[in-house]
Structure formats: structure tokens, C-alpha cells
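# sharing a model that was predicted from the sequence below.
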Amino acid sequence: MPLNPIRVLADPLSVRAIAVFLVVVGALSALGFARHEQRAREQGQLAAIASDLAGRRIGVHCPGFLSSLVDTHGEAGRVRFDAAGRPADHTDLSPQTCKALRHLGHVDFTCIDRGDCGFTQFDAAWAAHTLAHEAFHLRGFQDEGVTECYALQNTAFVAERLGVPALQAAKLQAWIYVRGYPNEPEEYHSARCYSGGPLDLRPNVTKFP
Ligand SMILES: [Zn+2]
């Protein structure tokens, strides 16, 4: 008589162990897939915003769970340029920048008016500014001072696209200019970055940035 395969596997303990194992593996891969899908969607949204500023189709990379554990370069974002001064077609953002951008639309920036914002709000606003900065590198500007000047004028654009109401986004941009820009290293400052100056994207408007 041939062996009944069901009877061979019938040790209830091993059947249960296999069942538990399969459920765990299934749950983990479903979770991994969901995370992967979410990251792809977020990167796509950020890429669409940055592409508008870069004037061409570019990519935005947010590190996955494992690479975010080994991330050590410490920059908020970066764009590589080749020896001829041509930018890559994507930017790499730090895990912190990606996280802040993910939650940007839920941050309450009414604290700017009250003057009692904390690190959370500044971190979020700076992330919007970082995406604008990297987008202008991708547009072809390698000079940090020029790139930064254009980014300062487009931080509200990024914030608004990520769900910050227009008025708050405008205040956020002005806030970064007053509170963040002066603390940046010298190379991020350009003598040509002022209201009505050569880097002013809206020279007919008195407000700057
Ligand atoms: Zn830069």
C-alpha cells in the first residue's frame, strides 16, 4: 500500500510549525511589498515636484529601510556632477529629509506667526528647502551660492505641492531665509542673491525671496 502523504505529515506539531512559518513569511513579504510600494509612490511624488524645478525629468531616491540604517554621509541631500560639470539624473536624499517630507503636509506652521516654532517645524521646512536646492543642482547649477539662492525662492513651491496651505508656505519660505540661510557656510551665500539682483527670479516683485 502506498504511503499516504497526509499521514506522513500528520505530526500535529510540525504541521502547526509549518503553518505558523508560512503565515509569518507571508505577512513579512506583504509588509515589505507595501513598504516598497509606498516608497515608490513617495519618490514619484517628490520626483514630479523636483522635475518641475529642474526643468527636466529627474529622479528622487529615498533610502530603503536597510540602507537608512547604514547611511553615514550626513548630508540632507546630494547630487553628483561628472568631471565635465554635468549633473546626474537623480538626487539622493537622507532618511531624515525623506521622513520630514513625508509628514510635511501635517505640520502646523502657524507657530511662525507666534514665534514659537520648535525643531520639528524647522526640520520639516528645511526638508522642503533641501528638495528645492537639489532640484536646482539637477537643473545644472553646481555653484552652491547660486543653487541656494534659487532654492530659497522655491521652498514655498515645494511646501505647497506637499500639502502646506499657500499662505503658510509663503511664510515658511520667508522664515527659512531669515532663520536658516544666515547660518549656512560661506559657499552657500552669493553676493548676487538679493532683491532685484541678478539671481532674483521675480525682479518685478519687491518681496524677496
Ligand atoms: Zn548643494
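Done, it's in. Numbers count the residues shown, from 1 in each chain.
# switch to C-alpha atoms for all contacts and neighbour counts from now on
Fine.
# and the most centrally placed residue in the chain, what are its phi and psi?
Nearest to the geometric centre of the chain sits residue 98, at 3.7 Å (C-alpha atoms, centre = their mean). The phi and psi torsions at residue 98 (degrees, to the nearest 10) take the values phi -60, psi -40.
# excluding chain neighbours, what is closest to it?
residue 62 (6.0 Å; C-alpha to C-alpha, 6 or more residues apart in numbering).
# distance check, the one you found against residue 41.
11 Å (C-alpha to C-alpha, to the nearest Å).
# these two: which is more packed in?
residue 62 (23 against 12; other C-alpha atoms under 10 Å).
# measure the residue nearest to residue 98 to residue 43 for me?
Distance from residue 62 to residue 43, by C-alpha to C-alpha: 7 Å.
# what distance do you get for the residue lying closest to residue 82 once chain neighbours are set aside to residue 75?
If the residues on either side of it in the chain are set aside, residue 82 comes closest to residue 88, at 7.5 Å by C-alpha to C-alpha, 6+ apart. Distance from residue 88 to residue 75, counting by C-alpha to C-alpha: 17 Å.
# now swap in residue 187 and tell me
For residue 187, the distance to residue 75 - C-alpha to C-alpha - is 15 Å.
# what's the spacing between the one helix or strand residue 32 maps to and its chain's center?
According to DSSP states H and E, residue 32 maps onto helix 12-54. Chain-centre distance of helix 12-54: 20 Å, with C-alpha atoms, centre = their mean, to the nearest Å.
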